[in-house]
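*Asks:* Sequence plus predicted model, see below.
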Amino acid sequence: MSISLSNISKSYKKVKAVQDISFDVNPGELFGLIGPDGAGKTTIFRILTTLLIPDEGTAKVAGFDIVADYKAIRSSVGYMPGRFSLYQDLTVEENLSFFATIFGTTIEENYDLIEDIYVQIAPFKNRRAGKLSGGMKQKLALCCALIHKPKVLFLDEPTTGVDPVSRKEFWEMLKRLQKKGITILVSTPYMDEAALCDRIALIQNGAILDIDTPKAIVSKFPKTIYNVGANNMYKLIQSLQDYEHLYSVFPFGEFVHYTDQRESFEIAELKSYLEKAGLTDIHIEVAQANIEDAFMELAK
Amino acid sequence: MKRFIGFIKKEFYHIFRDRRSLFILFGMPIAQILLFGFAITNEINNVDIAILDHSKDATTEEIINKISASKYFTIKQIIVREADIETVFKKGKIKAVLNFEKDFSKNLIKEQKATIQIITDATDPNTANSITNYINAILQNYQQSKNKGIQIDYQIVPQTRMVYNPELKGVFMFVPGVMTIILMLVSAMMTSISITREKELGTMEILLVSPLKPFQVIIGKVVPYIFLSLVNATVIVLLSIFIFKMPVAGSLFLLGAESVLFIITSLALGILISTIAQTQQAAMMISLMGLMLPVILLSGFIFPIASMPIPLQIISNIIPAKWFIIIIKGIMLKGVGITYVWKETLILIGMTLFFIGISVKKYKIRLE
């Protein structure tokens, strides 16, 4: 096991941040922690990177115990905190060479590992890190976290506040790193990114709802989902909430995702109900369940 | 070692790229020493006084001439009525009035006794005191020159000699004090700010999750400031030698060594502050309130410790600056060697070890 947690709990004063969390991450796996803000993702990262001691439970990273062997862990993992944590008054190149030096290596030595990423920010290597765009900052932070060739990489919400194009590129990079044998634990509040992981753990309020491959999690979704659209989104949601056979409804892009209580559901029946409610341009079709649906279902 | 050097290099980048810290580092010492040297002084020069002469005879004229001939006093006004004394003081320019009694010469010869009243504006008590002393000295001087050749049965003639600072220059007193304040401030405040900045910006989190050991981080933070503080100390000493003609009577090497010791004491304090403070703001406030004020008020820099109430005298002993001021005053003004200041030096070493001990104990290897 590259990472393994068993029965980890941690409280801050009276707030329980994580409760009784257990999961394992296999070597070379890209594992995602998926959950909203405040779910306890950052606490899990800090416990695994030896920054916090859990109140209960034990955990191992790369074979080392997080409390007893914390020094060994610190030199064999890469960590990218949720907040941009590089030196803003140092240039791109100075930041990178600083982190290389404190890990006892050089940029040249592990250049092959970061090459793909670094070429994208290399044109700005003399720019101060504080003056980079959000996406660039994250790429630089990733380079700094990788420069010592870590066995395990911890990325806490690496794509928060990053534009969609950069987000996509970032995930492509993670996939390439994974091929080089690095175990990656990544957290994200974006459900669409979850599908890119090998396995994911859905967390809410400090507890794990489910752990599985994204596909398996979606396939466990018990209901058929319908995409419903109409001319007035607000009124549509209100009308659906008043519908007697409603199981769940929540907005999803330009549609709402609707599930029905009954096995035998007739699209026409719902359509006529909505028409009666005064909605026009009604559009109903079967949709593919996704991780967000699964999360909402589990979080119910 | 390479890691350590890399870390120090990074610290220097931070210092030289932040204009604010550069200004505090190099602008403040120069500004302070010049301010204290030129503006704040206990000496009196060209004080405006007024004369109220009721007798207007040869003796009073002689005395008045003698006073106006000294560089300390300028006779600005001659007044004729007692009532005018109040008026001239209220205008504020005149700091003292000399009031000669009627028939001054006559009384002096007939009764061997005549009176001059010295009235001073004591809104500034220090100046008033100095003025009285200076005038007294001039009168005494005059009297002695008059009595020459006359045999008096017995006489006590005080012979005063001011050693180590014969001209009573205020700047000689302020240089050690200012040097102490600046070394303290630069060392303690700047290190505590630079450590808390890493906490505030989240970079501490990354430094913790790295093979850097806590003492490497701390020493790495401290080394640049030892160097910069020494530069500062040198600038201050050079300024005081060349601009204020202050002599350095003792060994420059000992002065340097004691300064390094005090710099390390202050740095240890700075580290201690950074283990308590979470933000740069807090670190700055603690440094200013917790270090600057005691250094100025209780170190004997401005107010003599001997004239403080007993409880304050006892408290002043825990202020490192007090001991450093004793040491550098000794070295710079009296020219003493280590044999005279070994006790103070040992106290500073003890304090330093104590602060370092607490900081190492309080330094967190994790986030909480």
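*Replies:* That came through fine. Residues are numbered from 1 along each chain as shown, chains lettered A, B, ... in the order given.

*Asks:* Next, B:Ala50: secondary structure please.
*Replies:* Following DSSP: H, G, I helix; E, B strand; the rest coil, B:Ala50 is assigned to strand.

*Asks:* does it really touch B:Val88, like I thought?
*Replies:* Yes - with contact defined as Cβ atoms under 8 Å, B:Ala50 reaches B:Val88; the gap is 5.2 Å. (Each C-beta comes from the backbone N, C-alpha and C, glycine too.)

*Asks:* Need the residues touching each of the two.
*Replies:* Residues touching both B:Ala50 and B:Val88 (Cβ atoms under 8 Å, 6 or more residues apart in numbering or on different chains) are B:Gln77, B:Ile79, B:Ile94, B:Val97.

*Asks:* Drop anything exposed from the residues you listed.
*Replies:* B:Ile79, B:Ile94, B:Val97 (16 or more other Cβ atoms under 10 Å in any protein chain shown).

*Asks:* OK, contacts around the second one?
*Replies:* This means B:Ile94. B:Asp48, B:Ile49, B:Ala50, B:Lys76, B:Gln77, B:Val88, B:Asp121 are the contacts of B:Ile94 under Cβ under 8 Å, 6+ apart.

*Asks:* Point out where the stretch 1-150 of chain B drops to low pLDDT.
*Replies:* Along the stretch 1-150 of chain B, the parts satisfying pLDDT under 70 run over B:40-43, B:149-150.

*Asks:* cutoff 80 now
*Replies:* Applying pLDDT under 80 to the stretch 1-150 of chain B flags the ranges B:21, B:24, B:36-45, B:126, B:146-150.

*Asks:* Quick one: name the residues of it near chain A.
*Replies:* B:Lys2, B:Arg3, B:Ile5, B:Gly6, B:Phe7, B:Lys9, B:Lys10, B:Tyr13, B:His14, B:Arg17, B:Asp18 (Cβ under 8 Å from any Cβ of the partner chain).

*Asks:* Quick check: the farthest pair among the residues you listed?
*Replies:* Spanning the widest gap among the residues of the stretch 1-150 of chain B next to chain A are B:Lys2 and B:Asp18, at 25.2 Å by Cβ to Cβ.

*Asks:* Between these two, which has more neighbouring residues?
*Replies:* B:Asp18 (16 against 11; other Cβ atoms under 10 Å in any protein chain shown).

*Asks:* contacting residues for the closest residue to that one other than its chain neighbours?
*Replies:* What sits nearest to B:Asp18 in space, not counting adjacent residues and going by Cβ to Cβ, 6 or more residues apart in numbering or on different chains, is A:Asp89, at 6.8 Å. Neighbouring residues of A:Asp89 by Cβ under 8 Å, 6+ apart: A:Arg128, A:Ala129, A:Gly130, B:Tyr13, B:His14, B:Arg17, B:Asp18.

*Asks:* does A:Asp89 sit in a helix, a strand or a coil?
*Replies:* Here A:Asp89 is recorded as coil under three-state DSSP.

*Asks:* Tell me the pLDDT of it.
*Replies:* Looking at A:Asp89, its pLDDT reads 92.

*Asks:* And for B:Leu168?
*Replies:* Confidence at B:Leu168, expressed as pLDDT, is 67.

*Asks:* helix, strand or coil for the residue of chain A found nearest chain B?
*Replies:* In chain A, no residue comes nearer to chain B than A:Thr101, which is 3.1 Å away by Cβ to the nearest Cβ. Taking three-state DSSP as the rule, one finds A:Thr101 in the helix state.

*Asks:* between the buried ones among the shared contacts of B:Ala50 and B:Val88, which is nearest chain A?
*Replies:* Distances from chain A to these, taken as Cβ to the nearest Cβ, are shortest for B:Ile94 (57.1 Å).

*Asks:* A strand includes the closest one, no?
*Replies:* No - with three-state DSSP as the criterion, B:Ile94 is assigned coil and is not in a strand.

*Asks:* Please point out which parts of the lengthiest helix in chain B sit buried.
*Replies:* For chain B, the longest helix by residue count, based on DSSP state H, is helix B:214-242. With burial defined by 16+ other Cβ under 10 Å, the residues of helix B:214-242 counted as buried are B:216-226, B:228-229, B:232-233, B:235-237, B:239-240.

*Asks:* Also stretch B:21-30?
*Replies:* Of all the residues in stretch B:21-30, those buried under the rule 16+ other Cβ under 10 Å are B:Ser21, B:Ile24, B:Leu25, B:Pro29.

*Asks:* residues touching the third one, list them.
*Replies:* With Cβ under 8 Å, 6+ apart as the criterion, the residues that contact B:Leu25 are B:Ile15, B:Val186, B:Met190, B:Leu228, B:Asn232.

*Asks:* Equivalent analysis for the first one, please.
*Replies:* Applying Cβ under 8 Å, 6+ apart, one finds that B:Ser21 lies in contact with B:His14, B:Ile15, B:Met190, B:Ile193.

*Asks:* now do the last one
*Replies:* Residues in contact with B:Pro29, defined by Cβ under 8 Å, 6+ apart, are B:Val178, B:Ile182, B:Val186, B:Asn232, B:Val235, B:Ile236.

*Asks:* so where's the stretch 1-150 of chain A uncertain?
*Replies:* Applying pLDDT under 80 to the stretch 1-150 of chain A flags the ranges A:1.

*Asks:* Near chain B, which residues of it are found?
*Replies:* By Cβ under 8 Å from any Cβ, the residues of the stretch 1-150 of chain A that approach chain B are A:46, A:49-53, A:70-71, A:74-75, A:77, A:79, A:81, A:83-90, A:94, A:97-99, A:101-104, A:144.
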